[in-house]
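Asks: mind folding the following:
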Amino acid sequence: MAIPLVFARPSRACGAAEMADLIRLRPGRVFARLGQPHLSSDVLATRLADPGGSLTAAMQRTEPVREVLEELFEATGYTVCMGALNDRSVAYLHRLYGRDRAQRFINQEVSLGSRAPLYCTALGKALLASLSEPWRRRLLSQIDFIPQGPRSYAAADELLAELATLDDQEPVVSDEEYIAGARSIAVCVQRTRDEQPIAIDVTVPVEDFTVQELVEMVGPSVKYAANRIAQIEAKGLQTD
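Replies: Numbers count the residues shown, from 1 in each chain. Next comes the predicted model:
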């Protein structure tokens with residue numbers, strides 16, 4: 001099932017061919033049009049531009065995925081993101097901004113196709129955890145470990161040691177590794193091997209949760225949402 005997901009404001013960070021590859025569509029059939037304001041962000045809807053009823057059918061399949069992300073946002077009140085593995089980075093596919101004043105400073109401006117590092121974001125670490133050990137080693141060997149937040153990893157070996165202890169079906173935390181004052185928790189969406197890995201996360205201010213509290217109080221909601229999206233995709237694959 002190819003999910004035509006909801007995106008943030010447009011940018012040229014990723015071309016149509018790259019975005020099409022992320023959601024398993026042919027580039028010539030991908031286009032974006034301005035959508036309605038959603039919660040606290042403006043969004044774009046990427047659609048299938050082919051004749052007949054496939055556009056309607058695709059959007060009908062997308063609706064449950066969007067609802068899952070909205071429910072996660074409403075349940076937590078914090079910024080919710082979905083991202084996909086794209087080369088040596090994370091490409092943001094969807095973002096709902098938390099509206100609390102304390103969170104505004106950690107809400108980065110993220111646009112359609114914008115990228116974030118694999119090595120210091122919760123999304124990136126969850127995606128890396130889902131890969132085979134040789135694949136993740138190969139990816140990380142091609143990355144310059146430039147410090148982002150105060151707790152960013154400085155070398156691939158340090159990150160590989162953490163990744164070796166992670167379960168790709170369980171929540172993964174980034175503790176001020178990407179943004180000072182922010183913690184994120186992510187879970188990878190289980191997909192078939194021929195699909196790009198995707199994950200979802202929730203980002204909170206550090207003063208709201210310790211790492212343990214984040215895992216115990218927010219982690220189950222993120223995991224539940226990721227499992228629901230995986231189930232939606234599985235049903236879509238059966239009907240495609």
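Asks: going by C-alpha atoms from here, please, whenever you check contacts or count neighbours.
Replies: Will do.
Asks: got the contact list for residue 81?
Replies: Applying C-alpha atoms under 8 Å, 6 or more residues apart in numbering, we find residue 81 in contact with 92-96, 200-202.
Asks: at 7 Å instead, please
Replies: For residue 81, the contacting residues are 94-96, 200-202, by C-alpha atoms under 7 Å, 6 or more residues apart in numbering.
Asks: what kind of secondary structure is residue 188 in?
Replies: strand (DSSP: H, G, I helix; E, B strand; the rest coil).
Asks: that older thread, closest one of the contacts of residue 81 to residue 211?
Replies: Of all these, residue 211 sits closest to residue 202, with 12.7 Å by C-alpha to C-alpha.
Asks: right, and the helix or strand after the host helix or strand of residue 85?
Replies: Following DSSP states H and E, one finds residue 85 within strand 79-86. Following strand 79-86 in sequence order, the next helix or strand is strand 89-96 (DSSP H and E).
Asks: let me know the secondary structure of residue 75.
Replies: Applying three-state DSSP: residue 75 is helix.
Asks: pull the number of nearby residues for it.
Replies: 11 (other C-alpha atoms under 10 Å).
Asks: tell me where this protein has strands.
Replies: With DSSP state E as the criterion, the chain has strands at 6-7, 30-34, 44-48, 79-86, 89-96, 115-117, 172-175, 182-189, 198-205.
Asks: so which of these is the most packed in?
Replies: Each of the strands of the chain was scored by mean neighbour count; the highest is strand 182-189, a mean of 29, by mean count of other C-alpha atoms under 10 Å.
Asks: CA atoms only for that strand - export them in CSV, please.
Replies: The C-alpha trace of strand 182-189 is given here as CSV (Å, rounded to 0.1, in the frame of the first residue of the first chain):
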residue,chain,number,x,y,z
ALA,A,182,13.9,18.7,23.9
ARG,A,183,13.4,15.0,24.3
SER,A,184,11.7,12.8,21.6
ILE,A,185,10.4,9.3,21.6
ALA,A,186,9.9,7.3,18.4
VAL,A,187,8.6,3.9,17.2
CYS,A,188,9.3,2.4,13.8
VAL,A,189,6.2,1.3,11.8
